[in-house]
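K.L.:
Could you look at this predicted model? Sequence included:
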Amino acid sequence: MNAERFEFDQADRIRRAMRVAGVGVTDLADALQVNRNTVGNWINGHNAPRRRDLMAIAMRTGFPLSWLETGETPGNPVGPAGIEPTTSTV
C-alpha cells in the first residue's frame, strides 16, 4: 500500500487557526479591515491572502506566520537556548 502524507493547504490552516482561536469570519474581517467575502475566499481557497494580511491573521489567532504560510512549525518558537528569563522560587 502506498501511504501518502496528508497535508493541509493554506486555506485549511487559516480555517483551523481561526477555529482554535475562536475567531469568526466577521471578527477577522473587522480586525483586518477587509470584507467578509475576502476572508471567505481565503478560507475556501479561492484566493490567497497577501503576506501582510497573513501576518495580521497570525497576530490575531496566535499561530506562527511560518505555519500559516508553509505548514512548517518553527524549530524553537521561544528563541535560542540560554536566553530564557530565569524564574524566581521566592
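P.N.:
Nice, thanks for sending it over.

K.L.:
Would you mind pulling the contact partners of the one helix or strand Asp30 maps to?
P.N.:
Element membership of Asp30, judged by DSSP states H and E, is helix 25-32. Identification of contacts with helix 25-32 by Cβ atoms under 8 Å, 6 or more residues apart in numbering yields Met18, Val23, Asn35, Arg36, Thr38, Val39, Gly40, Ile43, Asp53, Ala56, Ile57, Arg60. For every residue, glycine as well, the C-beta is placed using N, CA and C.

K.L.:
could these go into TSV alongside secondary structure?
P.N.:
TSV is the format used below for these (DSSP: H, G, I helix; E, B strand; the rest coil):
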residue	secondary structure
Met18	helix
Val23	coil
Asn35	coil
Arg36	helix
Thr38	helix
Val39	helix
Gly40	helix
Ile43	helix
Asp53	helix
Ala56	helix
Ile57	helix
Arg60	helix
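
K.L.:
Show me how to select, in ChimeraX, the buried members of the residues you listed.
P.N.:
To isolate the buried subset of these in ChimeraX, counting by 16 or more other Cβ atoms under 10 Å, use the following:
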select :18,23,38,39,43,53,56,57,60
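
K.L.:
ok, so of the contacts of helix 25-32, who is nearest Pro74?
P.N.:
Distance to Pro74 across the contacts of helix 25-32 (Cβ to Cβ) is lowest for Ile57, with 16.2 Å.

K.L.:
just checking, that closest one touches Pro49?
P.N.:
Yes: look at Ile57 against Pro49 with Cβ atoms under 8 Å: they come within range, at 6.7 Å.

K.L.:
so what sits against both of those two?
P.N.:
With Cβ under 8 Å, 6+ apart as the test, Ile57 and Pro49 both reach Ile14.

K.L.:
Now the helix-or-strand element of the chain with minimal mean pLDDT: buried residues?
P.N.:
For the chain, the helix or strand with the lowest mean confidence is helix 65-70, at a mean of 93 (criterion: mean pLDDT, DSSP states H and E). By 16+ other Cβ under 10 Å, the buried positions in helix 65-70 come out as Trp67, Leu68, Glu69.

K.L.:
Relative to Pro49, how far out is the last one?
P.N.:
Per Cβ to Cβ, to the nearest Å, Glu69 is found 10 Å from Pro49.
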